[in-house]
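[1] only the shape, not the letters, is given here:
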Ligand code: MG
């Protein structure tokens, strides 16, 4: 089928968006020869030893339980740099403001960005402001870009990996998994998407589901200092399901996931059941999926569990060469292929 127009699904983080990027964006913008190029479709790129990431935020509404577009914009870019194993150095910020946005709201967003930057220990050092006519933005759109660099924690982590296997990669990449590696999820999945959905639609889920949006760079440094981490991703749009499929595809390994081990809040699970949504396809903004060599998995997990962000962490699965896909071992003992989501069950959550 020839697609003639952009649809909401093209921005949903699933198979349709991946197709758009591969068939159109890479066709014209690939070819840099960078150390980690656009074609790697990793969380960020690397060129001349510098990690670079750009991320636009279109969440609607701009204020939601547990966060706002400002916190999201800072944390989103910080996390994409951090999951490469890099230390964020500085961010840029491009505002597209809609005519009519209340000054008090704009100030609230800026204050939130400042607080999140302080939490992540990073500054916004350049930016741009544009205003468009009142329309579809829902208040504003924020783009943040950021740069990061290697640090001692990454070197220590790689040295630890090398005690157990030969390892040529310089960064924590999606393609680094090998057979027998453990997959850790740092906490409950689905919270962010459901929190935004509840404010989009005015749903009352009986309890307040709040977004997990948070910068994870300090947590990640702590984990890199334990060592043995070879791949990492933040399971944003497309959720855990899309993240696992990306890791599997790029690393050319199958992943067996134990459904019972995947942490999901009880109220999130209930809301998903009510709405017919799979919590594994719902985006997160304060979680990380970590591929660890088996020798270090328990230690990384224990370190996560000592932290507030990681107290619900679990080893949810393991990589295998027995098959190529992501396979979910269900709670009742069956097995099914966990395909990447086609679109997004909840639009405009980030
Ligand atoms: Mg990412």
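    Happy to help now that I have it. Model, not experiment: these values are computed from the prediction.
[2] report the contact partners of the closest residue to the ion within the stretch 151-300 of the chain.
    In the stretch 151-300 of the chain, the residue found nearest to the ion is residue 234; the distance is 4.4 Å by CB to the ion. The C-beta positions use only the backbone N, C-alpha and C, and glycine is treated the same way. By CB atoms under 8 Å, 6 or more residues apart in numbering, the contact set of residue 234 is 43, 79, 80, 83, 216, 243, 284, 285, 287, 288, 289.
[3] surely the fifth one touches residue 288?
    Right, residue 216. Yes - using CB atoms under 8 Å, residue 216 is in contact with residue 288, at 5.6 Å.
[4] avg pLDDT for stretch 4-19?
    In this model, stretch 4-19 has an average pLDDT of 86.
[5] use 105 as the first number for this chain going forward.
    In the new count, where the first residue is 105, that last one comes out as stretch 108-123.
[6] how about that stretch: buried residues?
    113, 114, 115, 116, 117, 118, 119, 120, 121, 122 (16 or more other CB atoms under 10 Å).
[7] where do the helices sit along the stretch 205-354 of the chain?
    207-224, 256-266, 295-305, 321-330, 343-355 (DSSP state H, counting those that start in this stretch).
[8] so for residue 381, which of those sits nearest?
    For these, proximity to residue 381 was assessed by CB to CB; helix 295-305 is nearest, at 8.1 Å.
[9] for that closest one, what is the average pLDDT?
    Rounded mean pLDDT across helix 295-305 is 94.
[10] then stretch 203-222?
    Here the average pLDDT along stretch 203-222 is 98.
[11] does the ion have contacts with stretch 108-117?
    No - counting by CB under 5 Å from the ion, the ion is not contacted by stretch 108-117; separation bottoms out at 9.7 Å.
[12] same check, this time on stretch 313-333
    No - contact between stretch 313-333 and the ion is absent, the nearest approach being 10.7 Å (criterion: CB under 5 Å from the ion).
[13] next, the buried residues of that stretch.
    By 16+ other CB under 10 Å, the buried positions in stretch 313-333 come out as 313-321, 323-328, 330-333.
[14] return the distance of that stretch from the chain's centre.
    The chain centroid and the centroid of stretch 313-333 are separated by 11 Å under CA atoms, centre = their mean, to the nearest Å.
[15] for the record, mean pLDDT for that stretch?
    Over the span of stretch 313-333, the pLDDT mean works out to 98.
[16] how far does it stretch from start to finish?
    31 Å (CA to CA, to the nearest Å).
[17] for the closest residue to the ion within the stretch 105-254 of the chain, which residues are in contact?
    Evaluated by CB to the ion, the stretch 105-254 of the chain has residue 147 as its residue closest to the ion, separated by 3.8 Å. Contact partners of residue 147, counting by CB under 8 Å, 6+ apart, are 157, 183, 184, 185, 187, 188, 278, 336, 337, 338.
[18] any idea which of the residues you listed is closest to residue 304?
    When these are compared against residue 304 (criterion: CB to CB), the nearest one is residue 338, at 21.7 Å.
[19] need the nearest residue in space to the residue of the stretch 105-254 of the chain closest to the ion, chain neighbours excluded.
    In space, and not counting its chain neighbours, residue 147 is closest to residue 184: 4.2 Å by CB to CB, 6 or more residues apart in numbering.
[20] nearest residue to residue 451 in space, ignoring adjacent ones along the chain?
    Nearest to residue 451 is residue 112, by CB to CB, 6+ apart, at 5.3 Å.
[21] I'd assumed residue 450 was in contact with the one you found.
    No - between residue 112 and residue 450 there is no contact under CB under 8 Å: 10.9 Å.
[22] can you get me a residue count around residue 436?
    Per other CB atoms under 10 Å, the neighbour tally for residue 436 reads 7.
[23] ok so, going back, nearest to residue 297 among the contacts of residue 338?
    Once CB to CB is applied, the member of these that ends up nearest residue 297 is residue 388, at 7.5 Å.
[24] okay, that closest one: pLDDT?
    98.
[25] assign it to helix, strand or coil.
    coil (DSSP: H, G, I helix; E, B strand; the rest coil).
[26] and it, how far from residue 400?
    Look at residue 388 and residue 400: by CB to CB, to the nearest Å, they are 23 Å apart.
[27] who's more crowded, those two?
    Legend: neighbour count by other CB under 10 Å for residue 388 and residue 400, higher for residue 388 (29 against 22).
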